[in-house]
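Enquirer: Coordinates only, no sequence provided:
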């Protein structure tokens, strides 16, 4: 029986310029909004916090929140 990775969150390890798949899936969730991000569309993440972000703006918001805290 083949297992489908459709509509299943992936577990990733984020590195500079790339990520490594730890558990197969087709998307990750944005750490701020909870929005599904298809792996093909994933462009923004934090290596330190190991979090994915849906957009550059959301990535900056998360970074600024950490600076203020």
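Expert: Nice, thanks for sending it over. Quick caveat: nothing in here was measured; it's all calculated off a predicted structure.

Enquirer: Was I right to think residue 12 contacts residue 19?
Expert: Yes - Residue 12 is in contact with residue 19 according to CB atoms under 8 Å; the separation is 4.4 Å. C-betas here are computed from N, CA, C, even on glycine.

Enquirer: what sits up against stretch 29-47?
Expert: Outside of stretch 29-47, the residues within contact range by CB atoms under 8 Å, 6 or more residues apart in numbering are 9-10, 14-16, 19, 25-28, 49, 51-56, 58-59, 61-63.

Enquirer: Helices of the protein, start to end?
Expert: For the chain, the helices identified by DSSP state H occupy 56-68, in order along the chain.

Enquirer: which residues of it score low on pLDDT?
Expert: The chain contains residues with pLDDT under 70 at 1-5, 69.

Enquirer: so the residue nearest the centre of it bridges to which residues?
Expert: In the chain, the centroid-proximal residue (CA atoms, centre = their mean) is residue 52; its distance is 2.5 Å. Bridge pairing for residue 52 (DSSP bridges) gives the partners residue 30, residue 45.

Enquirer: and the gap between it and residue 33?
Expert: Counting by CB to CB, to the nearest Å, the separation of residue 52 from residue 33 is 10 Å.

Enquirer: what number of residues lie near residue 30?
Expert: Residue 30 is surrounded by 21 other residues when neighbours are defined as other CB atoms under 10 Å.

Enquirer: With residue 38 instead?
Expert: Residue 38 is surrounded by 10 other residues when neighbours are defined as other CB under 10 Å.

Enquirer: wait, what's in contact with the residue nearest to the centre of the chain?
Expert: Residues counted as contacts of residue 52 (CB under 8 Å, 6+ apart) are 12, 14, 28, 29, 30, 31, 37, 42, 44, 45.
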